[in-house]
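1. turn this into a structure:
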Amino acid sequence: MKGTVLVATASQGILRSVDDGATWHRLGLKEAIEFDGVVRSLVVHPSDRSIVLAGADAGLCISKDGGAHFSLVDSPMNGQAVWSIAIDPVEPSYIFAGTGAPSRAVMFRSTDSGKTWERLSPDIPEFCQGVNRPRVLTICVDPANNANVWFGVEEGGAWRSADHGATWRRIDQEYGITSSDIHAISILPPAAKQPQKTFVLTVNSVFTSTDDGKAWSGAPSKDRFDGLYYTRTIQPLAGSETLILAVGDGTPGTRSRLYRSTDRGATWGPTILHAEPNSTFWAFGVHAADPALLFAGTKYGDLFRSLDGGASWFKEWRAFPEITAVAWTPYEAPVRAHPRSIN
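-> As a prediction, this is how the structure comes out:
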């Protein structure tokens with residue numbers, strides 16, 4: 001493949017490859033993200049492949065060269081741990097970001113491509129029962145109606161806005177989503193006479209709605225995915241009915257599988273893993289430029305690659321530190337190896 005693969009970690013910043021995974025390089029010195037820093041999220045700009053946003057322990061950071069270098073976006077998130085980012089695919093000037101542990105969980109919005117930022121109205125408690133300090137794990141902009149924006153909090157519920165994030169309401173308790181521990185939210189737009197489908201993943205279940213969130217149906221993951229309960233994340237593939245779902249037996253977990261649906265989540269089947277993952281699958285990396293090419297990272301640092309739209313997966317040759325996010329962009333970043341230390 002031509003392009004850049006980026007792997008975010010909880011202890012080694014971002015590692016990048018520009019030679020199809022043959023070699024990997026950390027960020028260098030004098031970067032906004034420390035080479036041994038914590039990075040929780042990665043997002044490639046929907047209309048400019050050279051721009052990558054990263055949520056780090058330093059705050060929100062941006063690369064304008066495909067991930068070769070990062071600078072800090074001056075914002076109220078400076079010095080805060082940014083856990084999730086979403087760029088509006090229709091109006092990319094709208095950017096949403098959410099913070100979390102060890103920082104206070106807060107949602108922020110920019111309407112001018114990141115030049116200025118405002119704190120949004122949802123008041124998320126500072127502490128919770130399950131993870132002590134909540135974190136905004138997922139943000140989703142509706143691809144069919146971008147005024148609709150969703151976010152989910154680990155131990156803080158599912159929230160939605162119908163006005164680009166100006167106002168919000170919490171929907172999990174009111175509409176029968178039985179857990180406030182939200183891991184992922186994703187939306188499949190309408191297609192081929194099929195209605196839009198919204199997915200809300202809790203820690204132990206997958207909930208779906210086909211009427212824009214008015215009614216939800218769900219089932220425990222352990223009953224659907226071979227006894228695995230820890231439902232981590234879900235990834236639609238651009239331009240198709242296909243989704244990939246990651247589930248494991250806990251966090252970090254010892255057993256994990258990827259499941260694939262080609263009928264908008266009505267049925268699921270296990271994918272072929274050509275190696276056993278060392279822990280629960282944690283994050284996907286995809287790009288609309290090549291929907292057949294997917295990456296998936298586990299909690300304890302295994303990176304898998306699929307060349308057939310997620311039907312089968314091969315493990316990459318090297319091990320990583322704890323993987324928190326994965327991304328790839330068709331843009332070839334000018335990544336260079338740093339000089340070796342001299343003993």
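2. quick one: end-to-end length of stretch 83-97, please.
-> The separation between the terminal residues of stretch 83-97, taken as CA to CA, to the nearest Å, is 8 Å.
3. ditto for stretch 196-209
-> End-to-end for stretch 196-209, by CA to CA: 8 Å.
4. for stretch 84-102, same thing?
-> Stretch 84-102: ends 14 Å apart by CA to CA.
5. quick check: mean pLDDT of that stretch?
-> Averaging pLDDT along stretch 84-102 yields 98.
6. repeat for stretch 26-40
-> Mean predicted confidence for stretch 26-40 is 95.
7. got the contact list for stretch 261-272?
-> Stretch 261-272 is contacted by residues 188, 194, 197, 199, 206, 208, 224-226, 240-245, 257-260, 306, 310-313 when judged by CB atoms under 8 Å, 6 or more residues apart in numbering. Quick note: C-beta positions are derived from backbone N, CA and C, even for glycine.
8. quick one: the nearest residue to Thr116 once chain neighbours are set aside from Gly165, how far?
-> The shortest distance from Thr116 to any non-neighbouring residue, by CB to CB, 6 or more residues apart in numbering, is to Ser110 (6.3 Å). Distance of Ser110 to Gly165, given as CB to CB, to the nearest Å: 10 Å.
9. same check on Asp19?
-> Asp19 is 39 Å from Gly165, by CB to CB.
10. same drill for those two, tell me which one is more crowded.
-> Neighbour count, other CB atoms under 10 Å: between Asp19 and Gly165, Gly165 has more, with 26 against 13.
11. and Asn278, what does it touch?
-> Thr298, Tyr300, Gly301, Asp302.
12. one more time with 6 Å
-> Taking CB atoms under 6 Å, 6 or more residues apart in numbering, we find Asn278 in contact with Thr298, Tyr300, Asp302.
13. ok so Lys222 is a helix residue?
-> Yes: under DSSP: H, G, I helix; E, B strand; the rest coil, Lys222 falls within a helix.
14. surely it touches Tyr230?
-> No: counting by CB atoms under 6 Å, Lys222 sits too far from Tyr230 to count as a contact (9.3 Å).
15. how many other residues sit next to Asp249?
-> Asp249, neighbours per other CB under 10 Å, totals 18.
16. is it in contact with Gly227, as I believe?
-> No: look at Asp249 against Gly227 with CB under 6 Å: they stay out of range, at 7.8 Å.
17. tell me which helix or strand Trp159 sits in.
-> strand 157-161 (DSSP states H and E).
18. ok, the helix or strand that that strand is followed by: who's next to it in the sheet?
-> Using DSSP H and E, the helix or strand that follows strand 157-161 in sequence is strand 169-170. Sheet pairing of strand 169-170 (DSSP bridges) gives strand 157-161 (antiparallel).
19. I'd like the average pLDDT over the partner strand.
-> 96.
20. export that strand to CSV, keeping only CA atoms.
-> The C-alpha coordinates for strand 157-161 follow below in CSV (Å, rounded to 0.1, in the frame of the first residue of the first chain):
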residue,chain,number,x,y,z
GLY,A,157,-24.4,7.4,29.1
ALA,A,158,-25.3,8.1,25.5
TRP,A,159,-26.0,11.6,24.4
ARG,A,160,-27.3,13.2,21.2
SER,A,161,-27.8,16.6,19.7
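21. wait, Gly253 sits on Ser279?
-> Yes: between Gly253 and Ser279 there is a contact under CB under 6 Å: 5.1 Å.
22. before we move on, back to that, compare Lys222 and Tyr230 (neighbour count), which wins?
-> Tyr230 (22 against 16).
23. list the beta-bridge partners for the more buried one.
-> Those that pair with Tyr230 in a beta bridge, by DSSP bridges, are Gly248.
24. just Trp328 next, same as before
-> Val5.
25. and it, how close does it get to Arg40?
-> The separation that Trp328 has from Arg40, given CB to CB, amounts to 18 Å.
26. number of residues surrounding Asp57?
-> Neighbours of Asp57 using other CB under 10 Å come to 18.
27. could you do the one 4 residues further on as well?
-> Using other CB under 10 Å as the criterion, Cys61 is surrounded by 24 other residues.
28. which residues does it contact?
-> Applying CB under 6 Å, 6+ apart, the residues contacting Cys61 are Ala32, Ile33, Ala54, Phe70, Leu72.
29. reformat those as a markdown table; add neighbour count and distance to Gly265.
-> Listed next are those as a markdown table, based on neighbours: other CB atoms under 10 Å; distance: CB to CB, whole Å:
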| residue | neighbour count | distance to Gly265 |
| --- | --- | --- |
| Ala32 | 19 | 38 |
| Ile33 | 25 | 35 |
| Ala54 | 30 | 29 |
| Phe70 | 23 | 35 |
| Leu72 | 17 | 38 |
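30. determine which two of those residues are furthest apart.
-> The span of the contacts of Cys61, defined through CB to CB, is set by Ala54 and Leu72 at 10.2 Å.
31. once you drop chain neighbours, what's closest to Val286?
-> Leaving out its chain neighbours, the residue that sits closest to Val286 by CB to CB, 6+ apart is Leu294, at 5.3 Å.
32. and the gap between the one you found and Val73?
-> Leu294 is 28 Å from Val73, by CB to CB.
33. same question, Thr116
-> Note on Thr116: its distance to Val73, by CB to CB, is 11 Å.
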